[in-house]
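Novice: Got a predicted structure plus its sequence, pasted below:
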Amino acid sequence: MLGWCIVCAAAAVAWVYLVAVHGGFWRTSQRLPRARADLGAGPSAWPDVVAVVPARNEAEMLPVTLPLLLGQDYPGTLTVLVVDDGSTDGTGEVGAEVSRSFREFSEAGSRALRVIPGVPPPAGERWAGKVWAMAQGLRAAGTPDYVLFTDADIAWEGPDTLRRLVAAAEGDDRDLVSQMALLRAATGWERVVVPAFVYFFAQLYPFRRVNAPGSRTAAAAGGCMLVRREILDKAGGVAPIRGALIDDVALGRLIKSQRGRTWLGVTRQVVSVRPYPGLASLWQMVARSAYTQLRYSPVLLAGTLAGLLFLYAVPPAGALAGLAFLASGGSGLAWLTSGAGLAGWALMSASFLPMLRLYRLSPLRAPGLPLIALLYAAMTADSARRHYAGAGAQWRGRTTDTR
């Protein structure tokens, strides 16, 4: 019982540090300003924006998402480039049809949609699939003031979202403004896995630290990344991150390496409509890049798994063990063990509440976070297994060898 007591106390102290000191990672307060002067006056001349949409086998998504992007209430010029990256389901044709329909029913002369047929990367050059699609879109974009990298499954449900993104970039001199899309949480497994996915991402990259000038913490969210073209040119485009399987974090690091100012926050106006109907699809979402995030290091993998068990499994296990020992007539150490375990469990659960609130889910789900963390530990271990088995990482059905 003494060992349990020491370990539980250490875990509780770790949670005190995480909640009080670790960049406020658990808060969801990093958001763009609501409708104020930035929506009224804004810049004297609104910059040109080109949106690049990498699309591989996205025929089902594009009719839902492209009209919302084209329909943004943005005073400047907006051009949307859909990069058809070797699709086999008619993605290019669907994009072209959306373009024709938009021209027929729209009077907005400052809007345009073009489909760019993708080509293979140059011989001898190794590119991650999505980054190569981004590079082709960037090359076709010309010289706009800003490039918006977004995904084919992202629905821009807030009509003023692009306007607010540009106003934030211009008003606060930010070179990269990114918003974490609200992932779909409609099915039972989506409600279990998705909020924790964003929670763990924020724990790795606290948004406040990402947004602090001078901070070395860098990240972005791939579904919504508005980048100043000037700093992209200075960095050499996306070529420096050509092999990145986690393109958003890599882009955030690239911009910060050029001493650029970045911002990352959460929103309910940029929404992913991609369904994850069962655990298998959610497992794939996490496992495809988890070991990449650990730089394919067995040491980091072991440390991550041990850390997950220490932070998330020890507090509830210690609390229950202490209470069971007390029920059988245990000593004062049992009180201390159960108290420390309950304290760590309570802090952990409280830190999960803002994310559950963002996804409009019951706070009663919060105490179940330890079980979700164990599920993520299994996904991370499976990601490493896939790497060593040569399964690689996938983007829309294309496998990249990560060995």
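Specialist: Nice, thanks for sending it over.
Novice: Only C-alpha atoms, please: export the host helix or strand of Trp263 in PDB.
Specialist: Applying DSSP states H and E as the criterion places Trp263 in strand 262-272. The C-alpha trace of strand 262-272 is given here as PDB (Å, rounded to 0.1, in the frame of the first residue of the first chain):
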ATOM      1  CA  THR A 262       0.900  32.000 -35.600                       C
ATOM      2  CA  TRP A 263      -2.500  31.500 -34.000                       C
ATOM      3  CA  LEU A 264      -4.400  28.300 -33.300                       C
ATOM      4  CA  GLY A 265      -7.900  28.100 -31.700                       C
ATOM      5  CA  VAL A 266     -11.100  26.200 -31.600                       C
ATOM      6  CA  THR A 267     -14.400  26.900 -33.300                       C
ATOM      7  CA  ARG A 268     -17.900  25.600 -34.000                       C
ATOM      8  CA  GLN A 269     -18.100  27.300 -37.400                       C
ATOM      9  CA  VAL A 270     -15.600  25.100 -39.300                       C
ATOM     10  CA  VAL A 271     -17.000  21.600 -39.200                       C
ATOM     11  CA  SER A 272     -15.800  18.200 -40.500                       C
END
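Novice: any idea of the mean pLDDT for that strand?
Specialist: The average pLDDT for strand 262-272 rounds to 96.
Novice: got the contact list for it?
Specialist: Contact partners of strand 262-272, identified using Cβ atoms under 8 Å, 6 or more residues apart in numbering, comprise 28, 30-32, 151, 153-158, 161, 168, 172, 174-184, 198, 205, 207, 210-211, 218-221, 223-224, 252, 255-256, 358. Using the backbone N, CA and C atoms, a C-beta is placed for each residue, glycine as well.
Novice: Only whichever of these are buried, select them in PyMOL.
Specialist: A single PyMOL command selects the buried members of these (16 or more other Cβ atoms under 10 Å):
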select buried, resi 28+30+32+151+153+154+155+156+158+161+168+174+175+176+177+178+179+180+181+182+183+184+198+205+207+210+211+218+219+220+221+223+224+252+255+256+358
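Novice: List the ones among the contacts of strand 262-272 that fall in helices.
Specialist: Secondary structure from DSSP state H places Thr161, Ala168, Val198, Phe207, Val210, Asn211, Gly252, Ile255, Lys256, Leu358 of the contacts of strand 262-272 in helices.
Novice: With respect to Leu232, which of the residues you listed is nearest?
Specialist: Ile255 (8.2 Å; Cβ to Cβ).
Novice: Quick check: the gap between that closest one and Val83.
Specialist: Counting by Cβ to Cβ, to the nearest Å, the gap from Ile255 to Val83 is 21 Å.
Novice: Nearest residue to Ala340 in space, please, no chain neighbours.
Specialist: The shortest distance from Ala340 to any residue other than its chain neighbours is 3.9 Å, reached at Cys8 (Cβ to Cβ, 6 or more residues apart in numbering).
Novice: average pLDDT for stretch 337-346?
Specialist: 94.
Novice: Other residues contacting that stretch?
Specialist: 1, 4-5, 8-9, 11-12, 14-15, 314-323, 325-326, 367, 370.
Novice: Now go through the residues you listed and say which are in helices.
Specialist: Per DSSP H, these map to helices at 4-5, 8-9, 11-12, 14-15, 314-323, 325-326, 370.
Novice: Tell me how far the residue nearest to Ala340 lies from Pro120.
Specialist: The value you get for Cys8 to Pro120, if Cβ to Cβ is used, is 55 Å.
Novice: so how far is the first residue of stretch 274-284 from its last?
Specialist: 14 Å (Cα to Cα, to the nearest Å).
Novice: which among the ones in helices among the contacts of strand 262-272 gets closest to Arg295?
Specialist: Distances from Arg295 to the ones in helices among the contacts of strand 262-272, taken by Cβ to Cβ, are shortest for Gly252, at 16.1 Å.
Novice: Need the pLDDT of that closest one.
Specialist: pLDDT, Gly252: 97.
Novice: Same question for Asp38.
Specialist: At Asp38, the pLDDT recorded in the model is 46.
Novice: Would you list the phi and psi of the residue lying closest to Arg242 once chain neighbours are set aside?
Specialist: The spatially closest residue to Arg242, leaving aside those adjacent along the chain, is Trp127, at 4.6 Å (Cβ to Cβ, 6+ apart). When read as degrees, to the nearest 10, the backbone of Trp127 gives phi -120, psi 140.
Novice: Just give the closest residue to Ala186, not the sequence neighbours.
Specialist: Per Cβ to Cβ, 6+ apart, closest to Ala186 is Pro275, 7.3 Å.
Novice: OK, contacts around that neighbour?
Specialist: Contacts of Pro275 (Cβ under 8 Å, 6+ apart): Arg184, Ala186, Thr187, Ser281.
Novice: Regarding it, what is its secondary structure?
Specialist: coil (DSSP: H, G, I helix; E, B strand; the rest coil).
Novice: ok, of the ones in helices among the contacts of strand 262-272, which one's closest to Val98?
Specialist: Nearest member of these to Val98, counting by Cβ to Cβ, is Thr161, at 19.1 Å.
Novice: can I get the ones in helices among the contacts of strand 262-272 in CSV with distance to Arg114?
Specialist: Listed next are those as CSV, based on distance: Cβ to Cβ, whole Å:
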residue, distance to Arg114
Thr161, 22
Ala168, 27
Val198, 32
Phe207, 33
Val210, 32
Asn211, 33
Gly252, 27
Ile255, 26
Lys256, 31
Leu358, 35
